[in-house]
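>>> okay, predicted coordinates and the sequence, questions at the end:
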Amino acid sequence: MKRLLVAIFCFLSVAAYANEPAATTAEATDKEAFSPGEMILHHIGDSHEWHFATIGDEAHGTHLTIPLPVIAYRPAQGLSVFSSSQLAEGKVYDGLKLEHEHLVAEDGSKVYDFSITKNVASLMLSAALLLVVFTAVARGYAKRGTGAPKGIQSFFEPIIVFIRDEVAKKSIGPKYERYMPYLLTVFFFIWFNNLMGLMPGGANLTGNIAVTLTLAVLTLLITLFSSNKNYWHHIFATPGVPKALLPIMIPVELIGIVVKPFSLMVRLFANITAGHIVILSFISLIFIFGSVTVAPVTLAFGLFINMLELLVAILQAYIFTLLTAMYIGGAVEEHHDADYQMGGGDGADTAHTH
Amino acid sequence: MQIVTPELGLIFWQLVIFGIVLLLLRAFAWKPILSSLKERESSIDDALRMADQAKLEMQQLKAGNEKLLAEARLERDRILKEATEISNQLIETAKTKATEEGGRMIVQAREAIQNEKNAALAEVKNTAAKLSIDIAERILRRELTDQPAQQQLVDSYLKEVKLN
């Protein structure tokens, strides 16, 4: 299993370079000028079809594309489900059409787009992969019991133990066990999707603001629902702060509740999207200069950035998980006298004596 | 701006699929994995603790053995010492007894010798007296007729002369 995964990852990360230029070559041969910005935004954005490559030119060539189901809900017409190939090249189907990958109604009425887009399809794939991989890991434990781990089990065990010991136990404290499933799922979800995003033709799922927004909101909800009296006491009557400053402090603390998950959302989105943009920019250089001689430089830099992205993939998953654990830890923390010393000094003492 | 505008559809699917994955993984992966890890850690802890305990027991056993050995050694020394003392005492008593016995025997022997000597002397005295009397009788038979007066005289002479 492990060997298979390694083989897949190796094969696909090499193929990434073979693929991306192939797609862009077609665009470059077009009569219209090559626009790197447009190409990059197209690549990091969502799509209603899963496009791998175009052989030949844009208009007459063969598109290697998997059409995906479009699911649209309009309050007037109700639900309509059809293949995205019906909308290819600006065609109109059932009163719906695509405008810059955005599903709109011809008559301008409101459309709720629940389509299985490229990102949703990738999300489903990653969900299946996560389930397959971790049930396999769990089977290892069921089979070997307390024996030494083997195979895929021994690959993931140190990571799971790391998340438990270094992230959950240290940040949350004695109540860490309740939050372990969420932390582990978030960590592996982000990591797997980051890696899948690096594959050729892979969707930029973790670099999509909707996905990071959902994850950040889940973290916020978990933090709020597990918060104790102590957490709110810190927000509405921050210890060591003079009473006169509270009208300023309370709004600041309340904003802080939202800013924390907001930073989670932006950090993951920006890191992953930026990585994709940098790689695509290096590849675009070939077409901007219109010369093959730039290719070695481009490939060298692209390779370097891709290696960096492999690191960023796990790093961002770790950071998201760690910060989530810290926010939860802050919410479930019991009262400590030491907290009164935070930023205290004389101010803290007078606040208590008055 | 499109890339920073979250799409409702993707939020919906992300929520649904992530939720399903979370619930499924929690039930079929994280719970069994974490409980197995815990079980294994506790079994390792137990094994280590048991090993420590066994080591301690071994040490105690060894210490006990050594104590026993030392005690045995002490006992042996004590017994040896006692035995030496007793034997010395025995020899001593035997010696004194022998000396005493010897002394006693010597005294007895001396007494016996004295007695024998006395008896012998008495006999010698008697014999000598008889002889003297005989001689004197023979002499005096001729010269003296009063024999008892003569005997008395001789006896008195003999008493004065104490032979030793």
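The structure has been received and is ready for your questions. Numbers count the residues shown, from 1 in each chain, chains lettered A, B, ... in the order given.
>>> run through the neighbouring helices and strands of the helix or strand of chain B with the lowest mean pLDDT.
For chain B, counting by mean pLDDT, DSSP states H and E, helix B:147-160 ranks last in confidence among helices and strands (a mean of 77). Contacts defined by 3 or more Cβ pairs under 8 Å, 6 or more residues apart in numbering or on different chains; DSSP states H and E place helix B:147-160 against helix B:31-143. Using the backbone N, CA and C atoms, a C-beta is placed for each residue, glycine as well.
>>> for the helix it packs on, packing partners?
helix A:118-144, helix A:152-162, helix B:147-160.
>>> and the last one, which residues are buried?
Neighbour-count burial for helix B:147-160, with 16 or more other Cβ atoms under 10 Å in any protein chain shown as criterion, is recorded at B:150-151, B:154, B:158.
>>> show me the two of these that sit farthest apart.
B:Gln150 and B:Leu158 (12.7 Å; Cβ to Cβ).
>>> if we can go back for a sec, for A:Glu89, state which of the buried residues of helix B:147-160 is nearest.
Closest approach between these and A:Glu89, by Cβ to Cβ: B:Leu158, at 187.1 Å.
>>> tell me the contacts of the closest residue to the closest one other than its chain neighbours?
Spatial nearest neighbour of B:Leu158, chain neighbours left out: B:Ala129 (5.6 Å); criterion: Cβ to Cβ, 6 or more residues apart in numbering or on different chains. Contact partners of B:Ala129, counting by Cβ atoms under 8 Å, 6 or more residues apart in numbering or on different chains, are B:154-155, B:158.
>>> let me know the closest of those residues to chain A.
Comparing the contacts of B:Ala129 against chain A with Cβ to the nearest Cβ places B:Leu158 closest, at 128.5 Å.
>>> so the closest one touches B:Ser132, yeah?
Yes. Here B:Leu158 reaches B:Ser132: they are 7.0 Å apart, a contact under Cβ atoms under 8 Å.
>>> packed most tightly, which of the helices and strands packed on helix B:31-143 would that be?
helix A:118-144 (a mean of 19; mean count of other Cβ atoms under 10 Å in any protein chain shown).
>>> could you give the mean pLDDT of that one?
For helix A:118-144, the mean pLDDT works out to 92.
>>> from the contact counts, what lies against that helix?
Contacts defined by 3+ Cβ pairs under 8 Å, 6+ apart place helix A:118-144 against strand A:49-55, helix A:152-162, helix A:180-198, helix A:209-225, helix B:8-25, helix B:31-143.
>>> ok, the fifth one near chain A or not?
Yes. Residues of helix B:8-25 contacting chain A under Cβ under 8 Å from any Cβ of the partner chain: B:8-15, B:17-18, B:20-22, B:24-25.
>>> ok, the residue of the stretch 251-354 of chain A at minimum distance from chain B - contacts?
Nearest residue of the stretch 251-354 of chain A to chain B: A:Thr273, at 6.8 Å (Cβ to the nearest Cβ). A:Thr273 makes contact with A:44, A:204, A:207, B:3, according to Cβ under 8 Å, 6+ apart.
>>> quick one: pLDDT of the second one?
With respect to pLDDT, A:Asn204 scores 88.
>>> that one belongs to a strand?
No. Per DSSP: H, G, I helix; E, B strand; the rest coil, A:Asn204 lies outside any strand segment and is coil.
>>> any idea how far the residue positioned nearest the centre of chain B lies from B:Asn65?
In chain B, the C-alpha nearest the mean C-alpha coordinate belongs to B:Ile79, at 2.3 Å (Cα atoms, centre = their mean). To B:Asn65, B:Ile79 is 21 Å away according to Cβ to Cβ, to the nearest Å.
>>> got the contact list for A:Pro181?
With Cβ under 8 Å, 6+ apart, A:Pro181 has these contacts: B:22, B:25-26, B:30-31.
>>> would you write a PyMOL line that selects the buried entries of the residues you listed?
Selection of buried members from the contacts of A:Pro181 for PyMOL, criterion 16+ other Cβ under 10 Å:
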select buried, chain B and resi 22+25+26+30
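>>> let's have the contacts of A:Pro181 in JSON lines, adding pLDDT.
As requested, the contacts of A:Pro181 are exported to JSON lines (pLDDT from 0 to 100):
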{"residue": "B:Leu22", "pLDDT": "94"}
{"residue": "B:Leu25", "pLDDT": "94"}
{"residue": "B:Arg26", "pLDDT": "93"}
{"residue": "B:Trp30", "pLDDT": "92"}
{"residue": "B:Lys31", "pLDDT": "92"}
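>>> from the recorded domain assignment, give the ranges for chain A.
A:69-115, A:119-343 (automatic domain parsing).
>>> of the helices and strands packed on helix B:31-143, which is nearest A:Val332?
Per Cβ to Cβ, nearest to A:Val332 of the helices and strands packed on helix B:31-143: helix A:152-162, 21.0 Å.
>>> that closest one versus helix B:31-143: what angle between them?
Per axes from the mean of the first three to the mean of the last three Cα atoms, to 10 degrees, the angle that helix A:152-162 makes with helix B:31-143 is 90 degrees.
>>> counting contacts, what elements does helix A:152-162 pack onto?
Using 3+ Cβ pairs under 8 Å, 6+ apart, helix A:152-162 sits against helix A:2-28, helix A:118-144, helix B:31-143.
>>> mean neighbour count, the ones you listed: which tops it?
Greatest burial across the helices and strands packed on helix A:152-162, using mean count of other Cβ under 10 Å, falls to helix A:118-144, with a mean of 19.
>>> now stretch B:13-24 - C-alpha only, PDB.
Only the C-alpha atoms of stretch B:13-24 are listed here, as PDB (Å, rounded to 0.1, in the frame of the first residue of the first chain):
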ATOM      1  CA  TRP B  13     -20.100  20.000  -0.300                       C
ATOM      2  CA  GLN B  14     -17.100  20.700   1.900                       C
ATOM      3  CA  LEU B  15     -19.300  20.700   5.000                       C
ATOM      4  CA  VAL B  16     -21.100  17.600   4.000                       C
ATOM      5  CA  ILE B  17     -18.100  15.500   2.800                       C
ATOM      6  CA  PHE B  18     -15.800  16.700   5.500                       C
ATOM      7  CA  GLY B  19     -18.500  16.000   8.100                       C
ATOM      8  CA  ILE B  20     -19.000  12.500   6.700                       C
ATOM      9  CA  VAL B  21     -15.200  11.800   6.500                       C
ATOM     10  CA  LEU B  22     -14.900  13.100  10.100                       C
ATOM     11  CA  LEU B  23     -17.600  10.900  11.500                       C
ATOM     12  CA  LEU B  24     -16.500   7.800   9.500                       C
END
